[in-house]
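Peer 1: Quick one, what's the 3D model for this:
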Amino acid sequence: MEFDFGSDVIRPQSFHDLDRLAALLQDNSLTLHIEGHTDNKGSDEFNLLLSRQRAEAVKKYLLAKGCKAQMIAKGFGKTQPIAPNTTAEGRQKNRRVEFRVE
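Peer 2: Coordinates of the predicted model:
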């Protein structure tokens, strides 16, 4: 999942994958960790808040789709990039939400 700069709005192209995830977690007693991230533009405080908002937006979407797994949403701001923040493409990759299942 990726997001536009400064936004916690889920891109429509992510809906299909989120719908599949919600369906997989309908009857599971698993814990889903939803981890929000940002690029390096903006202050540390802004990015931490935005990353939390992104994780919460995904959690809200999954709840609306009937996901029954326990969900923990957390934001990491710009502390865990997966790509260099030196290009627009790299920054886009860092504006994301990742999932971890326990």
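
Peer 1: which residues sit in contact with the most centrally placed residue in the chain?
Peer 2: Among the residues of the chain, the smallest C-alpha distance to the mean C-alpha position (Cα atoms, centre = their mean) belongs to residue 97, namely 2.2 Å. Residue 97 makes contact with 1, 3, 34, 35, 36, 37, 54, 55, 58 under the criterion Cβ atoms under 8 Å, 6 or more residues apart in numbering. From N, CA and C alone the C-beta is placed, and that goes for glycine too.

Peer 1: Check which residues of stretch 65-83 are buried.
Peer 2: Of the residues in stretch 65-83, those scored as buried under the neighbour-count criterion (16 or more other Cβ atoms under 10 Å) are 65, 67, 69, 71, 73, 75, 76, 77, 78, 81.

Peer 1: The second one and residue 22 touch, don't they?
Peer 2: Yes: look at residue 67 against residue 22 with Cβ atoms under 8 Å: they come within range, at 4.3 Å.

Peer 1: does residue 81 really touch residue 41, like I thought?
Peer 2: No: proximity of residue 81 to residue 41 does not meet the contact threshold set by Cβ under 8 Å, at 11.7 Å.
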